[in-house]
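A.B. asks: With the input below, show me the fold.
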Amino acid sequence: QLQLVESGGGLVQPGGSLRLSCAASGFTLDYYAIGWFRQAPGKEREGVSCISSSGGSINYVDSVKGRFTISRDNAKNTVYLQMNSLKPEDTAVYYCAAQSSCGSNWKFGFWGQGTQVTVSS
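C.D. replies: The predicted structure is shown next:
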């Protein structure tokens, strides 16, 4: 069964850190760009970060630059999103998705089920 499974979400205080994982089963992530997205209640889904299949190209939405770091470990078939200096506005369900490249139409990507991140005191 082909799956992307996100984990690592939870409740954290403002200024805290979380590391999200996106693990693939049933297929290898080596040939795919992986994107992290988030959706807060009442808001549209937002692209947060993307890493190319080689890891050589990475991008971030402006609001997380300098705070979030995306990385991949192809040996573990997993992509990570390290989130530091978290803010209440980072609260959302975070999803990872696989596509052929970061510039592809993510509507047609392969998506995980999401993990909740809540930043609150």
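A.B. asks: ok, now which ones touch the residue nearest the centre of the chain?
C.D. replies: Per CA atoms, centre = their mean, the C-alpha nearest to the average position across the chain is that of W36, at 2.7 Å. By CB atoms under 8 Å, 6 or more residues apart in numbering, the residues touching W36 are L20, C22, G47, V48, S49, C50, I70, V79, L81, Y94, Y95, C96. For glycine as for every other residue, the C-beta is placed from the backbone atoms N, C-alpha and C.
A.B. asks: So it, which state does it fall into?
C.D. replies: strand (DSSP: H, G, I helix; E, B strand; the rest coil).
A.B. asks: So in terms of bridging, what pairs with it?
C.D. replies: S49, C96 (DSSP bridges).
A.B. asks: Generate a ChimeraX selection restricted to the buried subset of the contacts of W36.
C.D. replies: Applying 16 or more other CB atoms under 10 Å to the contacts of W36 leaves a buried subset, and the ChimeraX line that selects it is:
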select :20,22,48,49,50,70,79,81,94,95,96
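A.B. asks: could the contacts of W36 go into a markdown table alongside distance to Q3?
C.D. replies: Conversion of these to a markdown table gives the following (distance: CB to CB, whole Å):
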| residue | distance to Q3 |
| --- | --- |
| L20 | 16 |
| C22 | 11 |
| G47 | 21 |
| V48 | 21 |
| S49 | 21 |
| C50 | 20 |
| I70 | 20 |
| V79 | 14 |
| L81 | 18 |
| Y94 | 16 |
| Y95 | 13 |
| C96 | 11 |
